[in-house]
Structures are given as structure tokens and as C-alpha cells.
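What follows is a predicted protein model with its sequence.
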Amino acid sequence: MLKELRGKFSAISASAKKNAALVVASATIITTCCNFTYAAQNVVTIADAGRTPIRITTADTNVGKILSKQGIVLNQGDELNYALSDDIQNDAVIKIYRAMDVSVTYMGETKSYRTVETKVSDILQDLDLPVDAGDVVTPSLDSTVTEGASINVVLYDNHNVTVQEEIAYSTQERENTALASGERRVVQAGQNGVIEYEYNIQYENGKEISRQLVRETRLAEPVEEIVEYGPEDVWELGVVPASKPTNYTRVERFQATAYDASPADNGIWAGKTSTGMPLVYGVVAVDPRVIPYGTKMYIESVDGQYKYGYAIAGDCGGAIKGNKVDLFFPNRSTCYQFGRRDVNIYFLD
């Protein structure tokens with residue numbers, strides 16, 4: 001009897017131990033599952049610019065995956081406070097900064113940009129467009145703008161510039177009877193002076209808008225050139241002297257053309273003058289009311305580069321009126337070369 005009771009007790013104990021083990025195993029599995037589920041669930045806040053923030057509970061930790069599952073799309077220029085590849089933890093806040101289109105006129109050139117900034121000063125800084133205190137920005141730097149806004153920046157600059165210019169020297173000519181006729185000699189070489197100017201220049205968008213003289217300093221005075229020349233040749237028709245005469249009574253400016261003895265220029269008067277004077281180099285057609293016939297002259301171009309020489313008023317022409325003269329040349333090609341130019345006439349009588 002005792003042996004039978006002991007056998008039943010052993011069977012009961014074994015069954016109890018087995019049941020206890022099952023209970024422990026089940027508890028362990030439940031505990032493990034509960035712990036895993038708790039660790040995987042994160043509360044995340046998504047703050048999308050211009051929208052009410054949302055809080056979600058998710059088992060995902062990857063930023064890109066979280067946004068994708070919420071149907072949130074990022075456009076060109078949008079920014080996040082995380083990278084899409086980042087993993088986040090519980091209570092994380094994902095901030096989305098939405099880009100907008102703005103038009104910026106800078107240095108006179110207008111361009112379109114996308115930016116997440118809304119304050120004018122931050123937009124310009126974000127676009128790397130520097131602005132100084134004296135520049136004018138519209139709207140003002142502390143203004144907040146929205147999609148499609150236009151920002152105009154006018155840059156002003158102000159600084160001093162120093163430049164130097166030459167002062168042309170003058171020339172004094174004097175006769176020296178010890179020199180041969182037509183001989184010229186430089187007794188003292190001329191030298192240009194130097195003057196320095198300092199200007200205050202204002203610029204708008206890189207272009208000069210005003211210039212004010214601040215200082216003028218003569219750094220070097222010009223040195224006069226002195227030239228001596230031999231006695232002048234006696235007036236002789238058609239001769240080009242070595243230098244212009246000094247015994248003239250006045251100098252006047254005329255417009256000069258050229259003609260020859262051909263019928264193309266003179267028609268039935270070809271080879272003749274209105275005074276009967278021989279038609280040779282040095283004879284000039286004039287308006288006799290302005291320059292009387294027989295007047296002796298010396299003629300050269302206004303710039304002094306071309307010298308016609310000694311001449312005489314001995315002809316007239318239908319188109320020669322007022323301060324106009326027609327210079328005779330022996331051939332047509334020379335007339336074409338001379339063309340039409342302004343001359344100075346030195347009157348010798």
C-alpha cells in the first residue's frame with residue numbers, strides 16, 4: 001500500500017514539474033515578445049512646413065521610409081533636419097523645410113531661385129548674394145516673403161580714384177639770322193607737364209553714376225619748346241617753304257577743295273583763269289568779295305600736316321562762295337587725294 005502511494009505521489013510530482021516548466025517557458029516567450037514589441041515602437045513627430053505637425057507611432061526608424069509610408073513627397077530644393085538615410089529614435093522630430101520660387105534682381109540681372117528661407121536677409125545669404133549697409137534692398141532685409149516674391153537689390157559703391165594727365169607744352173619760334181634760310185634748330189626741347197586728379201566716384205550696380213573732383217595737384221610744370229629758324233624765303237608763287245611765315249597780317253579758316261585744268265572741272269574755261277593769270281600750282285579760286293584778286297597767301301591744313309604753300313587769289317568759281325577756296329593742282333589724281341579739308345590761310349599783304 002505504501003509502495004503504491006509513493007508511486008502515485010511520484011507521478012503527481014513529475015506532472016506538476018512538467019506543468020511548471022511549461023508555465024515558465026510560456027511566461028518567458030510572452031515576456032520576450034512583449035519586450036520586442038515595446039522596443040520597436042517609436043513615437044515620431046513630423047513637422048511639414050505650413051502644415052499642422054503630426055505624431056505617429058511606427059516600428060520604422062529610417063527617415064526616408066517613415067516619410068514614404070506617410071505619403072510625404074519632397075520636391076526640388078526641399079530640406080530636412082535629417083538625411084533620408086538617417087535612423088531616428090523615439091520622440092524624434094522630423095522637420096521639413098519647403099522650398100519656394102523667388103525672383104531676385106542683383107547687379108541689374110534678374111534670376112529665379114528656389115530657397116527654403118523666407119526672410120529676405122536669409123534668402124540673400126543662402127544664395128550667396130552679399131549686401132552692404134549702403135545698398136538698397138526691396139523689400140527690406142527684415143521682411144518675410146512668400147512663394148513668387150520679387151526681391152530687388154541695388155548695390156552702391158563709393159571710392160576715390162587717382163588719375164594723372166599730361167599738360168601739353170607750348171612752342172616758341174624765333175628767327176635767327178645766323179641760320180640758313182629754311183634751317184630750323186631746337187634750342188630747348190619741350191616737355192609735357194603732369195597734373196594729378198583725385199575723384200570721388202559713385203557706382204550703382206557697378207556703373208559710374210557721378211564723379212566729383214576732390215583734389216588737383218600739378219606734379220610737374222610743362223617746359224616750353226624753343227625753336228630757332230633761318231630767315232624766311234621771299235614769297236614765291238607755288239613754293240612750299242620750310243616753315244610757315246611770320247609776317248602775316250591775319251589767319252582765317254576756310255574750307256578748301258581742289259581743281260585742275262581739265263574740261264571736267266572748267267568746261268569752256270579749261271586751262272584759263274577769270275583774271276587771265278596763268279593757271280599754275282599756287283593759283284587759288286576765291287570769292288573775290290571775301291578775298292580780293294591778287295591777294296598773296298600761305299595755305300596749310302588746320303592740323304598743319306598738309307602744306308599747300310605760297311598762293312595767290314587769281315581765279316573764281318560758281319560754287320566758291322564765302323569762306324571757300326579751290327586750290328589748283330596740275331593733275332586730276334592729286335585733286336582726288338586732296339579731296340575736301342579745312343585749311344588755315346595766312347594773309348601776307
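Yep, that arrived. Residues are numbered from 1 along each chain as shown.

When you work out contacts or count neighbours from here on, use the C-alpha atoms and nothing else.
Will do.

Verify the stated contact: H159 with Q202.
Yes - counting by Cα atoms under 8 Å, Q202 is a contact partner of H159 at 6.8 Å.

if you count what's nearby, which of the two comes out ahead?
A count of neighbours by other Cα atoms under 10 Å puts Q202 above the other of H159 and Q202, at 17 against 9.

hey, what's the more buried one bridged with?
With DSSP bridges as the criterion, Q202 is bridged to N158, S210.

What is the neighbour count of the closest residue to A311 other than its chain neighbours?
Spatial nearest neighbour of A311, chain neighbours left out: G282 (4.3 Å); criterion: Cα to Cα, 6 or more residues apart in numbering. Per other Cα under 10 Å, the neighbour tally for G282 reads 26.

likewise the one 4 residues further on?
Residues lying near V286 (other Cα under 10 Å) number 27.

which ones are touching it?
292-293, 313-317, 320-321, 324-326 (Cα atoms under 8 Å, 6 or more residues apart in numbering).

Please flag which of these sit within strands.
Of the positions in the contacts of V286, 313-315, 324-326 sit in strands, assigned by DSSP state E.

Closest one to V116 out of those residues, please.
K324 (75.8 Å; Cα to Cα).

With adjacent residues omitted, what lies nearest to the closest one?
Q255 (4.9 Å).

tell me which element that neighbour is part of?
strand 250-259 (DSSP states H and E).

Same check on R174?
Element membership for R174 (DSSP H and E) is strand 171-175.

Each with direction, which strands does that strand pair with?
Going by DSSP bridges, the partners of strand 171-175 are strand 225-229 (parallel).

any idea how far the strand it pairs with is from the chain center?
Chain-centre distance of strand 225-229: 46 Å, with Cα atoms, centre = their mean, to the nearest Å.

Any regions of the stretch 51-200 of the chain where pLDDT drops low?
182 (pLDDT under 70).

where do the strands sit along it?
Under the criterion DSSP state E, counting those that start in this stretch, the stretch 51-200 of the chain contains strands at 54-58, 79-80, 93-97, 100-106, 109-115, 136-138, 150-154, 156-167, 171-175, 184-188, 193-204.

Out of the ones you listed, flag the one nearest T246.
strand 171-175 (9.2 Å).

what angle do that closest one and strand 184-188 make?
Angle of strand 171-175 versus strand 184-188, following axes from the mean of the first three to the mean of the last three Cα atoms, to 10 degrees, is 130 degrees.

Relative to V186, how far out is A178?
14 Å (Cα to Cα, to the nearest Å).

Kindly report the same for S121.
69 Å.

Of those two, give the one with the bigger neighbour count.
Taking other Cα under 10 Å, S121 and V186 do not tie; S121 has more neighbours (19 against 13).

quick one, what contacts the more buried one?
141-143.

from memory the residue nearest to A311 sits against L327, does it?
Yes - in this structure, G282 is within contact of L327 by Cα under 8 Å, at 7.2 Å.

what about the helices in the protein?
Assigned by DSSP state H, the helices in the chain fall at 2-40, 63-69, 120-126, 263-266, 332-338.
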